[in-house]
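Student: here are the coordinates; sequence isn't available:
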């Protein structure tokens, strides 16, 4: 997951917030649910990623500077199992309602450069991307 597509990340944020609107932070590990939401969002937005890649990237984000355990390690195996179990819980909590209409999708379409100008078109895209930055999303 070297490239971080914006749409699955935005979808994962919606899934995460919807989940914790019904469930408690005390009952569920927020990092595990975030990883699960990202894994599910990649499927929903038709940008599927391998589970090991999602878990590895989540590990890197959670433990910055710490070397990632080997692919076949017990720790990563347990994390993958937790994500698969949490995926069912997430789906049930969301009521299997996975349809999300992002305003980002419509706004990210190329603007009419002749009408709005190059500066305006690039500025509006920058604002859209920067809107995600409070959530830890960085531009690729």
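Tutor: Noted; the coordinates are in hand. Here the structure is a predicted model, which is why all the values come from computation and not from measurement.
Student: Residue 99 and residue 11, how far apart?
Tutor: Residue 99 sits 10 Å away from residue 11, going by CB to CB, to the nearest Å. For glycine as for every other residue, the C-beta is placed from the backbone atoms N, C-alpha and C.
Student: Next, the contact list for residue 51, please.
Tutor: Contact analysis of residue 51 by CB atoms under 8 Å, 6 or more residues apart in numbering lists 39, 80, 83, 84.
Student: go with 10 Å
Tutor: Counting by CB atoms under 10 Å, 6 or more residues apart in numbering, residue 51 makes contact with 35, 39, 42, 76, 79, 80, 81, 83, 84, 87.
Student: doesn't residue 44 make contact with the last one?
Tutor: Looking back up the chat, that one is residue 87. No: the criterion here is CB atoms under 10 Å, and residue 87 misses it with residue 44 at 11.6 Å.
Student: In terms of neighbours, single out the busier of residue 99 and residue 11.
Tutor: Neighbours were counted for residue 99 and for residue 11 using other CB atoms under 10 Å; residue 11 has more, 24 against 5.
Student: could you say which helix or strand contains that one?
Tutor: helix 6-22 (DSSP states H and E).
Student: between residue 99 and residue 11, what contacts are shared?
Tutor: Listed as contacting both residue 99 and residue 11 by CB under 10 Å, 6+ apart are residue 44.
Student: thinking again about what came up before, which of the contacts of residue 51 fall in strands?
Tutor: Using DSSP state E, no member of the contacts of residue 51 sits in strands.
Student: I'd like those as CSV, with pLDDT and distance to residue 63 appended.
Tutor: What follows is the contacts of residue 51, written out as CSV (pLDDT from 0 to 100; distance: CB to CB, whole Å):
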residue, pLDDT, distance to residue 63
35, 93, 13
39, 92, 18
42, 90, 21
76, 87, 12
79, 91, 11
80, 91, 16
81, 93, 19
83, 92, 16
84, 93, 21
87, 95, 22
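Student: The residues you listed in helices, which ones?
Tutor: 35, 39, 42, 76, 79, 80, 81, 83, 84, 87 (DSSP state H).
Student: Count the neighbours of the first one for me.
Tutor: Okay, so that is residue 35. By other CB under 10 Å, 27 other residues sit near residue 35.
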